[in-house]
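*Asks:* Task: produce atomic coordinates for the following.
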Amino acid sequence: SPTIRTQRNENNSVDFILENKTRPGTLTVFLTLRDLQNCNTASGTFRYETRYTGTRLLSLRPADDTRGVRYGYSYRFFLGPVDKEPDTAFVYRMPTTVRWPVRVSRGVSVYDRFRKEKKGALGLHFEMEKGDTVYAMRRGTVVEVGIPEREPDAPAVSFTSESPDLLVEQPDGTLAWYICLDGDNVLVEVGDEVLPGTPLALAGSYDGERYKVSVQTFWWESNPDPKERERKPFIRKHFFPQFVTEEGVVCVEKGVVQGLISHRGCSIFVFRRFTGYKGMETGPAENSSAPRPACIISVIGYLKTKRQ
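*Replies:* Numbers count the residues shown, from 1 in each chain. Model (predicted):
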């Protein structure tokens, strides 16, 4: 697990250095300084974000350089970025095939099903077939891959509330959580960099009959409730991304949706409108052996194609 090492230098300054960071992605460090003497820094809690081990987080410099700095400190870590502003104008690629339409619905918690409230919707469910591929929706880094252990005598197909999943950290600090994957066919590893259209895994199933992938997109935010902050310092804030589809840029509620069809070996993942939608990165087309393009394609307006 990560640790912080202090190093006293010849000029009597003290460096705080992060060590043993092995998990890819962002690590948020909360470093609290106290009981400072002969120091040019005030006591308090400081927040740092880093993706690399060996990062020097802070240097304490003496007010009188003939004497050393005295200090006390404590720290805690959080795996992932905190309090980032999500890029809500960004347009995502569908996590399913772009060759034919798929049925999409929003998922809610059990409590909200009973209360009949919509505010509990957490993610999107994409209905798929056995053997269908799940694709990355946006560029990012795979930071977690979870494959639950199966009991040796368990049947090949059994109902379970647990499923293989993976987590991708995206450039704006948000995370994409892909849930209900085929644990025997996860195609990426922790630390892999993915682009829109990168195959992640095959679709999974809870009962061996209905196959799907569920996707949640969210960011971590400091808990605004002072009474809960000690027990739960950070909370998830979910959002529903916009997808580029045959009908244009859509924030999906439910229904049958089709992403854009690939063209000449390159899926069109960049979409720009005169109203200022930001473009998407490009990635390899599904089922294509063509090399990943180095260019970016801009599409002005909506592109519609018929299913072949």
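*Asks:* rest of the way, CA atoms for contacts and neighbours
*Replies:* Fine.
*Asks:* Leaving out chain neighbours, which residue sits closest to the residue most central in space within the chain?
*Replies:* Nearest to the centroid of the C-alpha atoms of the chain, with distances taken as Cα atoms, centre = their mean, sits L175, at 2.0 Å. Distance criterion Cα to Cα, 6 or more residues apart in numbering; nearest residue to L175, sequence neighbours excluded, is E169 at 4.6 Å.
*Asks:* rewinding a little: tell me the pLDDT of the residue nearest to the centre of the chain.
*Replies:* The model reports L175 with a pLDDT of 96.
*Asks:* Ok, the one 10 residues further on next?
*Replies:* On pLDDT, N185 comes in at 95.
*Asks:* tell me the secondary structure for it?
*Replies:* strand (DSSP: H, G, I helix; E, B strand; the rest coil).
*Asks:* Next secondary structure after whichever strand or helix holds F243?
*Replies:* Here F243, judged by DSSP states H and E, is contained in strand 242-245. Following strand 242-245 in sequence order, the next helix or strand is strand 248-250 (DSSP H and E).
*Asks:* So which elements touch that following strand?
*Replies:* If you count contacts as 3 or more Cα pairs under 8 Å, 6 or more residues apart in numbering; DSSP states H and E, strand 248-250 packs onto strand 242-245.
*Asks:* packing partners for the strand it packs on?
*Replies:* strand 91-92, strand 248-250.
*Asks:* what bits of the protein have low per-residue confidence?
*Replies:* 108-121, 150-162, 254-255, 258-308 (pLDDT under 70).
*Asks:* can you give me the helices for it?
*Replies:* Secondary structure of the chain by DSSP state H: the helices cover 110-115.
*Asks:* Which of the residues in the strand holding F243 are classified as buried?
*Replies:* Of all the residues in strand 242-245, those buried under the rule 16 or more other Cα atoms under 10 Å are Q242, F243, V244, T245.
*Asks:* With stretch 129-138 instead?
*Replies:* Those would be D132, T133, V134, Y135, A136, M137, R138, for stretch 129-138 by 16+ other Cα under 10 Å.
*Asks:* nearest to L57, of these?
*Replies:* R138 (29.8 Å; Cα to Cα).
*Asks:* does G204 have beta-bridge partners, and which?
*Replies:* G204 forms beta bridges with K212, as assigned by DSSP bridges.
*Asks:* List the contacts of it.
*Replies:* K130, S163, P164, C180, L181, D182, G183, Y211, K212, V213 (Cα atoms under 8 Å, 6 or more residues apart in numbering).
*Asks:* farthest pair in the buried residues of strand 242-245?
*Replies:* Top of the distance list for these (Cα to Cα): Q242 and T245, 9.3 Å.
*Asks:* and among the helices and strands packed on strand 242-245, the most buried is which?
*Replies:* strand 91-92 (a mean of 26; mean count of other Cα atoms under 10 Å).
*Asks:* How far does it sit from its chain's centre?
*Replies:* Here the centre of strand 91-92 is set off from its chain's centre by 14 Å, with Cα atoms, centre = their mean, to the nearest Å.
*Asks:* ditto for stretch 203-213
*Replies:* 22 Å.
*Asks:* Mind listing what's buried along that stretch?
*Replies:* Residues of stretch 203-213 classed as buried by neighbour count (16+ other Cα under 10 Å): A203, G204, S205, Y206, Y211, K212, V213.
*Asks:* do the same with stretch 80-91
*Replies:* In stretch 80-91, counting by 16+ other Cα under 10 Å, buried: G80, P81, V82, P86, F90, V91.
*Asks:* just those residues now: which is nearest C251?
*Replies:* Proximity of the buried residues of stretch 80-91 to C251 (Cα to Cα) peaks at V91, which lies at 9.4 Å.
*Asks:* got the helices and strands packed on strand 242-245 as a markdown table, with distance to R34 columns?
*Replies:* Listed next are the helices and strands packed on strand 242-245 as a markdown table, based on distance: least, Cα to Cα, whole Å:
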| stretch | distance to R34 |
| --- | --- |
| strand 91-92 | 45 |
| strand 248-250 | 50 |
